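K.L.:
got a predicted structure plus its sequence, pasted below:
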Amino acid sequence: MRNARAWPTAALTCAVLVAVVACSTPDPAPPPTPTTSPTTTSTPTPTVDPAVAEAEAAVLAAYQSYWDVSAAALADPLAPLPDDFDRYIVDKARSGLAESLLWAEQNDVVMVGAPVISPTVESIAIDGERAAHIVDCVDSTDWVLTLRSTGDPASSASPQNTRVTADAWAIFYDDRWVIREVTLNRDQPC
Amino acid sequence: MLRAVASALAAGMVLMAVATPPASAAGGVQCPPTIINCEIAVENPGGPGANPEDPPVVNVGDGQCVTWKGNIVPCWNDQWGWFNASDSCYYKYREPQPPANDIVWEGHYPDGAVYDVSCVEPMGAPGSNGGWTWLPSPPPGYGGDAGQLAERAVEQMTLVGPAIRTPLDGDEIGTVGIPLWLWTEQGATTWGPNTATASVPGLSVTATAQAKWIDWDLGDGSTMRCEGPGTPYIPGQVESPTCDHVYIASSAGRQGDVYTVTGTTTWEVTWSGGGMSGVLQVTRSSSATVPIGELQVLATN
């Protein structure tokens, strides 16, 4: 827990470092120089390395897939798993989802609906050992634990946060960005 | 150059921070990792052995395993792999294996293997169970049927005993006191190598068989072992460089007036699949008849 709290600071440092790395790395597609746009004023525009932007998009797509697959699988834990199950989800993210599915199966419950996510890439390294950190606020208001037998909501009345922050970690594995771990911070509403 | 090194160093620092997620936190609510709100209003029976002081008595059939709570689960699951009763988790060989520099190897690469571990009844806090796990050798229960699959692969090869050959053609009769060469013709089913694959969903075993030696029962009470397939007869040469037998009596008077020669080939089968490997030995026999006579010297004056 302490590590988790300490993380954002480290991540912030990372983000700065990434920017430095991205700028100092020889890149085949350098950002356009100011001379090519004489009509614009001096409004500063953030220069984003196209390679970084592309990697971030791939990371977010993998993360979106994680939740899509989770919602699809938990909608019916007894059904065959979604085709994408093993495409973008590995390691702890995979075992955590497996644990959830097996738990739902044993308790004869399903999840109806889907979570709403709003992720951003907090930091990313695209050179060498590629890795990324995603932060999110996961809203499960419309993703309801439901008794399979009756179709009634299974949750008790006791209040639990339905919108909590999440941290996710992605790596580049088997020629694509995949989600390696997702942690829901149940004590951090958002 | 200097700049490249500096940037690589900076990248390394980023990696150390980015690639190491904090340990999963166990919150006050013990929900499965993916589910935010998991409190169930109804009573959960929890299976027959939910009380640890009341150990479950369950009868299991073929392919069924028992969790630590006494629930019956399949020993093999297409998605999760092989059940390990010691921790109630499924284990599946990770393909492709994570790169050598991944922390999961704990510095052991390339020894052992990395498995996907998925827990049916987690013993630790939610989210702290399973995931990529390095093991020096497969866990208990892993590949319960891999050995059987290897045997099935061997069956597919339809291996047979030696295709017995001697220098005797057609009705020719061998001679007492003269070495009788013995060998087998070499084909995929009589000497090898021979390869076959047998699979079940999620596990495939490939076996390769190669014959090593032949034990001969010569029919006259003697036996011998010849390494290798033997040597096809070379006209003009008396002794085989690898495998022959000298009969000291005629086969006349025996059943059919022949010796029955039986060759038993020993095959070595190496197999691998699902991160495991092994060696089997199988034997196959075949027989042939050999007439042996005494050399008659006719003296004419």
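P.N.:
Good, I have the coordinates.

K.L.:
report pLDDT for B:Gly124.
P.N.:
The model reports B:Gly124 with a pLDDT of 79.

K.L.:
which ones are touching it?
P.N.:
For B:Gly124, the contact set (Cβ atoms under 8 Å, 6 or more residues apart in numbering or on different chains) is empty. Yep, even glycine has a C-beta here, placed from its N, CA and C like the rest.

K.L.:
longest strand anywhere in chain A?
P.N.:
For chain A, the longest strand by residue count, based on DSSP state E, is strand A:176-189.

K.L.:
other SSEs contacting it?
P.N.:
Packing contacts for strand A:176-189, counted by 3 or more Cβ pairs under 8 Å, 6 or more residues apart in numbering or on different chains; DSSP states H and E, involve helix A:50-75, helix A:91-107, strand A:163-173.

K.L.:
most packed of these?
P.N.:
Mean neighbours per residue, mean count of other Cβ atoms under 10 Å in any protein chain shown, is largest over these for helix A:91-107, with a mean of 25.

K.L.:
which helices and strands does that one pack with?
P.N.:
helix A:50-75, strand A:176-189, strand B:113-119, strand B:131-135.

K.L.:
after it, next one along is what?
P.N.:
strand A:109-113 (DSSP states H and E).

K.L.:
any idea how far B:Gln64 is from the closest residue to chain A within the stretch 101-250 of chain B?
P.N.:
At 3.2 Å from chain A, B:Gly130 is the closest residue in the stretch 101-250 of chain B, using Cβ to the nearest Cβ. B:Gly130 is 21 Å from B:Gln64, where distance means Cβ to Cβ, to the nearest Å.

K.L.:
can you check A:Leu147 too?
P.N.:
Per Cβ to Cβ, A:Leu147 is found 27 Å from B:Gln64.

K.L.:
higher neighbour count, those two?
P.N.:
A:Leu147 (17 against 13; other Cβ atoms under 10 Å in any protein chain shown).

K.L.:
any low-confidence regions in the chain?
P.N.:
Reading this off chain A. Counting by pLDDT under 70, chain A contains low-confidence ranges at A:1-46, A:156-160.

K.L.:
ah, no, chain B please
P.N.:
Along chain B, the parts satisfying pLDDT under 70 run over B:1-29, B:40-62, B:127, B:143-145, B:200-203, B:274-275, B:296-301.

K.L.:
50 instead, please
P.N.:
Residues of chain B that meet the criterion pLDDT under 50 lie in B:1-29, B:42-56.

K.L.:
show me the contacts for the residue most central in space within chain A.
P.N.:
Central residue check for chain A by Cα atoms, centre = their mean: the C-alpha nearest the mean position is that of A:Tyr63, 3.8 Å away. The neighbours of A:Tyr63, taking Cβ under 8 Å, 6+ apart as the test, are A:117, A:119, A:134, A:136, A:168, A:170, A:179.

K.L.:
please redo it, this time with the cut-off set to 6 Å
P.N.:
Going by Cβ atoms under 6 Å, 6 or more residues apart in numbering or on different chains, A:Tyr63 touches A:119, A:134, A:168, A:179.

K.L.:
make TSV out of those residues and add distance to B:Pro110.
P.N.:
Formatted as TSV, the contacts of A:Tyr63 follow (distance: Cβ to Cβ, whole Å):
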residue	distance to B:Pro110
A:Pro119	35
A:Ile134	31
A:Ala168	29
A:Ile179	26
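
K.L.:
go through the residues you listed and name the one nearest chain B.
P.N.:
Using Cβ to the nearest Cβ, A:Ala168 comes nearest to chain B of the contacts of A:Tyr63, at 8.7 Å.
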